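Novice: attaching a predicted model along with its sequence, questions to come.
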Amino acid sequence: IMKTISSDMLDDLQNLESGDSSLIRETANKYYDLEMPEKIAEILTQKLLHPDNGVRDAVANSLINNSNPNIASYVVPYVASKEISTRNLAGEILLKRGVSSIPAMLDYLDQGNNDDKKFLVDVMGLIGDLSPMQPIINLLKVSKDENVILACLEALGNIQAAEGVDEIILAYDKSELFRPTAIEALGKIGSEEAVNFMIAKYPEEDELTKFSIIESFGQIGNPQAFFMMLSEMANLKD
């Protein structure tokens, strides 16, 4: 553990705070795969707000590839940035760092506004790991924001969260707005409960929802769904 600041690290910190874009890029590139001390990680992450595209790209590349396990904790508050480019870069870093980003995102989930919650849930869904399943289910239970609810439904489908089927079904019944996303999520999960629900709902739904259900059946590969899909195809209106 580094107890004192070395002269090299002091130089790097000065370069990062110098305002010279070329020095900042050079320092960021240095830490692409070199061990990144916490202070460097903290200051480097602040440069995601730098006006120079080259600086932001160099910073992002180092933050994506460096092995420092705490980088996601420094990055995640930037999903709340008013600067769209910074917000998107933060999302890209978290996504590319993968599963190791999830604890930091979950820690921040309660702090952000609805836009931040949606953004983080989207990223966790794209990472595709099952570990954030329960927090996403909990958010789906309590959120009143339509965009957050849609993000939760989509994410639960992407991570194939079988334990989320009951809450997805509740959202399906709550609003027509949620139905296409709920059906897609159930199709990705493909559990017996999900399939049975879609089979039961199929006869009573409108043509658009029926089409969504058939699309989901096509993904599942469940024999019962497959034969029902074959038998019903002829009944769909053009």
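Specialist: Perfect, thanks for sending it.
Novice: who are the contact partners of residue 55?
Specialist: 21, 24, 25, 28, 47 (CB atoms under 8 Å, 6 or more residues apart in numbering). All C-beta atoms are positioned from the backbone trio N, CA, C, and that covers glycine.
Novice: go again using 7 Å as the cut-off
Specialist: Neighbour list for residue 55: 21, 24, 25, 47 [criterion: CB atoms under 7 Å, 6 or more residues apart in numbering].
Novice: what residues of the helix or strand where the third one lies count as buried?
Specialist: Right, residue 25. Assigned by DSSP states H and E, residue 25 belongs to helix 21-30. Under the neighbour-count criterion of 16 or more other CB atoms under 10 Å, helix 21-30 has 21, 23, 24, 25, 27, 28, 30 buried.
Novice: quick check, nearest of those to residue 145?
Specialist: Of all the buried residues of helix 21-30, the one with the least separation from residue 145 (CB to CB) is residue 28, at 35.9 Å.
Novice: surely the closest one is in contact with residue 62?
Specialist: Yes - counting by CB atoms under 7 Å, residue 62 is a contact partner of residue 28 at 4.8 Å.
Novice: what's the burial count for residue 138?
Specialist: 13 (other CB atoms under 10 Å).
Novice: and it, how far is that from residue 85?
Specialist: Going from residue 138 to residue 85 by CB to CB, to the nearest Å gives 31 Å.
Novice: again, but for residue 14
Specialist: 26 Å.
Novice: quick one: secondary structure of the residue nearest to residue 23 when sequence neighbours are not counted?
Specialist: Distance criterion CB to CB, 6 or more residues apart in numbering; nearest residue to residue 23, sequence neighbours excluded, is residue 15 at 4.2 Å. Counting by DSSP: H, G, I helix; E, B strand; the rest coil, the backbone at residue 15 sits in helix.
Novice: isn't residue 15 up against residue 28?
Specialist: No - look at residue 15 against residue 28 with CB under 7 Å: they stay out of range, at 9.4 Å.
Novice: pLDDT weak spots in this protein?
Specialist: Of all residues in the chain, those with pLDDT under 70 make up the ranges 1-6, 221-238.
Novice: how about the contacts made by the most centrally placed residue in the chain?
Specialist: Nearest to the mean C-alpha position of the chain, counting by CA atoms, centre = their mean, stands residue 123 at 1.1 Å. Contact analysis of residue 123 by CB under 7 Å, 6+ apart lists 91, 94, 95, 105.
Novice: now, among the residues you listed, which is nearest to residue 165?
Specialist: When the contacts of residue 123 are compared against residue 165 (criterion: CB to CB), the nearest one is residue 105, at 23.2 Å.
Novice: now the spatially closest residue to that closest one that is not a sequence neighbour. Its backbone dihedrals?
Specialist: Sequence neighbours aside, residue 120 is the residue nearest to residue 105 in space, at 4.8 Å (criterion: CB to CB, 6+ apart). With angles defined as degrees, to the nearest 10, residue 120 sits at phi -70, psi -40.
Novice: sounds good, over and out.
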